[in-house]
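Build the 3D model from these lines:
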Amino acid sequence: MSSLQEYAENQSRSHLNFGPSVERLAQLTIKIGQMADGNIRAAHLLGPAVACRAGCSHCCRHMFVTTVIPEVLNLAQTIQSTYTAERRAALDQRIEAYWEIAQAVPAPTRAAGVQRPCPLLENDLCGAFEARPLACRRHNSIDVEACIQYKEGTRRVPPLANSEQTRIGNELLSGLAIGLRRCRLQEALVELIPALNIALRTPDAAQRYLAGEPVFDSVIVAGYNPAQIRRAVKNRKSLGTSIDPD
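Take a look at the predicted model:
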């Protein structure tokens, strides 16, 4: 188990095992996002240099994003607390248009079949950048031209990336999933935009999630298999893994 995976797992347990709340769920997600950003900045110093910059949205215009439910809920809360009524109405329209297209694609093939711009894009910038999920934080490229070619379909191989940045996101995400399951909360990967649509349209979505209700079951990624997480949890319990303090 890596130190980042262990960090995310322990933070999940220390925030949620004893009296979970909507506020502590949000604090957990923010804390793990900050950990990701700090480690990613360090990874950039070691190289290779990433080509990603503000206003560069090639990946956001065609990639299918999956996430875990706490990240969706934090994203929804950020939107609800920072967007004006006009901006929110425009976002709702973009989400509705995205979901109308996505629903027409069979769930098992959506990852490859739904290549639409992320509804959160505004003038090529993420409209909720600070609350973006780990899947977005880990994604990167060292070659803009390769990103353009991949987006347009003239390149079949994904652009080369800073592998350390990818690893950081992957390990924090897996640790978060393990921690959620150890706290008896749903850890499954969900489709980002359909899940965000549910969170924005369900005022008590966070409370219902914490209560164990299957609020997001309809948008769990097709083929998601929790076996790996179950094995990890079983292993942690057999070792008697402790909870680190905040």
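
only C-alpha atoms for contact and neighbour calcs from this point on.
OK.

Report the distance from the helix or strand hosting Glu23 to the chain centre.
Following DSSP states H and E, one finds Glu23 within helix 22-46. On the basis of CA atoms, centre = their mean, to the nearest Å, helix 22-46 sits 12 Å off its chain's mean C-alpha point.

Just the mean pLDDT for it, thanks.
Across helix 22-46, pLDDT averages out at 97.

Next: stretch 227-245.
68.

in stretch 82-100, what counts as buried?
91-92, 94-96, 98-99 (16 or more other CA atoms under 10 Å).

hmm, which two among these are most spread apart?
Leu91 and Trp99 (12.2 Å; CA to CA).

which intervals of the protein have sub-threshold pLDDT?
Counting by pLDDT under 70, the chain has low-confidence residues at 1, 237-246.

Which stretches in it count as helices?
Under the criterion DSSP state H, helices of the chain are mapped to 3-16, 22-46, 69-82, 85-103, 110-113, 134-138, 144-152, 163-182, 192-201, 205-210, 227-239.

Relative to Cys59, which of those helices is closest?
So among the helices of the chain, helix 144-152 is nearest, using CA to CA, at 7.0 Å.

What are the contacting residues of that closest one?
Outside helix 144-152, the residues within contact range by CA atoms under 8 Å, 6 or more residues apart in numbering are 51-52, 58-59, 61-62, 141, 155-159.

Determine the number of other residues adjacent to Leu16.
Under the neighbour criterion other CA atoms under 10 Å, Leu16 is assigned a count of 22.

re earlier: return the members of the contacts of helix 144-152 classed as buried.
52, 58-59, 61-62, 141, 159.

circling back: list the contacts of the helix holding Glu23.
8, 11-12, 15-16, 50, 70-71, 73-74, 131, 133-134, 137, 162, 164-165, 168-169, 172, 206-207, 210.
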